[in-house]
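Asks: missing the sequence, but the structure's below:
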């Protein structure tokens, strides 16, 4: 599932990629390249001028995505993409700011920022690629590792329990919550387009195959692709409390939550307008 | 005048910090130097506040002092805490109705009925202004006009009655019943 | 050099020129607004809270934004985000928060984001003495994050300097694209003193250096400059920034050549300009046999001690570094050449004295007066030490 580069020189997608940086660093069978392709496709279709799009990321496999996208991009330190994006968005509300990062970055070291950015309803988009593991550092367990999964730091099986990302994000008050896979490119691209329209915190979880996870757990990426193809259900109205990732039951996908709570930045702007207009 | 070290201490709510900042502001607005440092009792509520103010004709080198030339204390607890720190030949001005003074040799101690006077004016919380007027008139710290300017710069509400309270303190110091 | 912006914003509710009796922390907040700060991110901590509280009230009045984040980590990171969006940004904290901010300070140094951090030092280590004075963050300010980088740190000793040096901190941050720390202390931050706000046209304000190349040719870390011009997000440059070791294009690289070039430039942009950035003040050092080195609130006590020593006929002077980093060692050279002894007085167990020794050990006698946090050494304490050293 590596990113297939467009052949035509006039392919508009190419204008949004840093072609000089290819080939990319992702393993064969990894889903991140597809996420990049869908993002670039959605950005082109969004009608938002490309110079107004900004991407930010932390550290990890997914966080390398901005390095291949020809937009203003910030590949910052581990776990801190969200606060960086919030500072940037607050300072320049006209920019469309998207964080692309992994499960470990956003939910473990960056977990507190995720929690509070969602609560504040910061006007940023978050694409969280969930591959159940720390791939770049060699396969340690993370906050979304599956029950009894083997990783380099859980050689006897993982016993901590995993986040159910859509359920968590919805409970925290996110304005838009979706879950897709790299096999659902059309739906994923459409969800990204929807995300750009949201004034407030929007998150898409992309459940994605990982070579390293597969090797440790007898599930090569192709098998996982096949499993994702055969075992997913699209249910936009699903009970989010029941959709944790578990290979023993079908994976529920969909655009689950759409709320219209005004974003933190919109409310800040209103506050400033009021204070300035009213003489403080 | 040279340099004067003034310590104002009392219960939270007695307007200690405002009194200190008025003297400091009056001092700098009249071309002198001033510095104020603030301290609180460890208790968050029901504790004391302390304003240490230095006013000087010259630039103040070091803003901190341990032994005040003048101590103003509005409660028994704060009086007891500080009275022994006053320099020899220094002054203590204490609230007459709340403090029973101790005999301390080599310092002068002067009572003031600040709360009684403020209550008569119908504005109990202006007792700090009564004390300020009294202290400034007694010790000739700063010119009267400078102090009035300091009050005007610092007091946000009920300016008239605060100025009146200040002037009542001045009259008390002159031995005149306000 | 960098773009200079005039301060003609009469319509905004900035602090007017004039004389004030103001707290140091508030003076720093007002100075930040005058310097153009329009974004503050922070987390509550004693004894710096007056800055955040004041900014939360004042920023919306001048069209700026205040966010109290979930911690100091997020706060300092958000500053770099705002800076790359073209908005001057600041935070304020104290010891424990400053420790948490170290990764974000290292990040800002690496991606050359101009940010300002006010550290109102309290007693440490750890939670230490939340309400009481300390000067124990001198070394952390310079060496607190991993790897090799340079920062600038100012040492205000009065309310006037809280104001002046906060404006200077913004100007330095934006001129050199570097994190700048206003390294004050609880006593200076919380004392109330005379502040003179000059006419706006006497306050120089520095902005970024604007890229000259068109977007196609723009290199965000172009090494033909010691301090590369800065593009902001959303201007069409479509540049890439990474906190990994990066080449001139901003792309990650593991090449030793690239690493050498980058780290050398990050260091050189400050070290080559140390005499333009570094500042000090000295009193009665011309003929001194003994020079006291003291900064922040301690320098105020030392000044009084020096005056008293002079009255007693001792030839003592005061050298007051206004920048901790870069340390203005050249200001001590004349006294050292004369063979004067040096006595460093500070509210820590001997931090700046190490820097003085680095420059002058084995040339003159260097003495250290250490002092545990919580109180300021009184002029009398310093005078006793002066006599002890003098009579040796």
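Replies: Perfect, I can see it now. Bear in mind that the values here come from a model prediction, so they are computed numbers and not experimental data.

Asks: So for residue 276, what's the pLDDT?
Replies: All of this refers to chain A. The model reports residue A:276 with a pLDDT of 91.

Asks: Can you look at chain C instead?
Replies: pLDDT, residue C:276: 98.

Asks: ends of stretch A:144-157, how far apart?
Replies: The first residue of stretch A:144-157 is 13 Å away from its last residue (CA to CA, to the nearest Å).

Asks: ok, and for that stretch, which residues are buried?
Replies: For stretch A:144-157, burial by neighbour count (16 or more other CB atoms under 10 Å in any protein chain shown) applies to A:144-146, A:149-151, A:154. Every residue, glycine included, has its C-beta placed from N, CA and C.

Asks: how about those in TSV, adding distance to chain B?
Replies: Shown next, in TSV, are these (distance: CB to the nearest CB, whole Å):
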residue	distance to chain B
A:144	43
A:145	45
A:146	48
A:149	49
A:150	53
A:151	48
A:154	46
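
Asks: where does residue 7 land on pLDDT?
Replies: Answering for chain A, as no chain was given. If you check residue A:7, the pLDDT there is 53.

Asks: Wait, chain C was what I had in mind.
Replies: Reported pLDDT for residue C:7: 42.

Asks: Now the two most distant members of the buried residues of stretch A:144-157.
Replies: The most widely separated members of the buried residues of stretch A:144-157, counting by CB to CB, are A:144 and A:150 (15.1 Å).

Asks: residue in the stretch 1-150 of chain A nearest to chain B?
Replies: Here the stretch 1-150 of chain A gets closest to chain B at one residue, residue A:116, 27.0 Å apart by CB to the nearest CB.

Asks: okay but that residue is in contact with residue C:73, surely?
Replies: No - here residue A:116 lies out of contact with residue C:73, judged by CB atoms under 8 Å, at a distance of 11.4 Å.

Asks: returning to that earlier point: A strand includes the residue of the stretch 1-150 of chain A closest to chain B, no?
Replies: No - looking at residue A:116 with DSSP: H, G, I helix; E, B strand; the rest coil, it is helix, so not inside a strand.

Asks: of all the buried residues of stretch A:144-157, which comes closest to residue B:97?
Replies: Here the nearest of the buried residues of stretch A:144-157 to residue B:97, counting by CB to CB, is residue A:144; it sits at 68.8 Å.

Asks: ok, for the residue of the stretch 1-150 of chain A closest to chain B, nearest residue in space, not its chain neighbours?
Replies: For residue A:116, ignoring the flanking residues on the chain, the nearest one in space by CB to CB, 6 or more residues apart in numbering or on different chains is residue C:70 at 4.1 Å.

Asks: tell me the phi and psi of the one you found?
Replies: Dihedral pair for residue C:70: phi -70, psi -20, per degrees, to the nearest 10.

Asks: tell me the contacts of it?
Replies: Contact analysis of residue C:70 by CB atoms under 8 Å, 6 or more residues apart in numbering or on different chains lists A:112-113, A:115-116, C:43.

Asks: Neighbour-wise, give me the winner out of the residues you listed.
Replies: The most crowded member of the contacts of residue C:70, judged by other CB atoms under 10 Å in any protein chain shown, is residue A:113 (28 neighbours).

Asks: ok, that residue to residue C:70 distance?
Replies: 7 Å (CB to CB, to the nearest Å).

Asks: who does the helix or strand containing residue C:110 touch, helix- and strand-wise?
Replies: Under the criterion of DSSP states H and E, residue C:110 resides in helix C:102-111. In terms of contacts (3 or more CB pairs under 8 Å, 6 or more residues apart in numbering or on different chains; DSSP states H and E), helix C:102-111 is packed against helix C:72-84.

Asks: and the helix it packs on, average pLDDT?
Replies: 98.

Asks: Check the secondary structure at the residue most central in space within chain C for me.
Replies: Centroid-nearest residue in chain C, with CA atoms, centre = their mean: residue C:153, separated by 2.6 Å. Per three-state DSSP, the secondary structure class of residue C:153 is strand.
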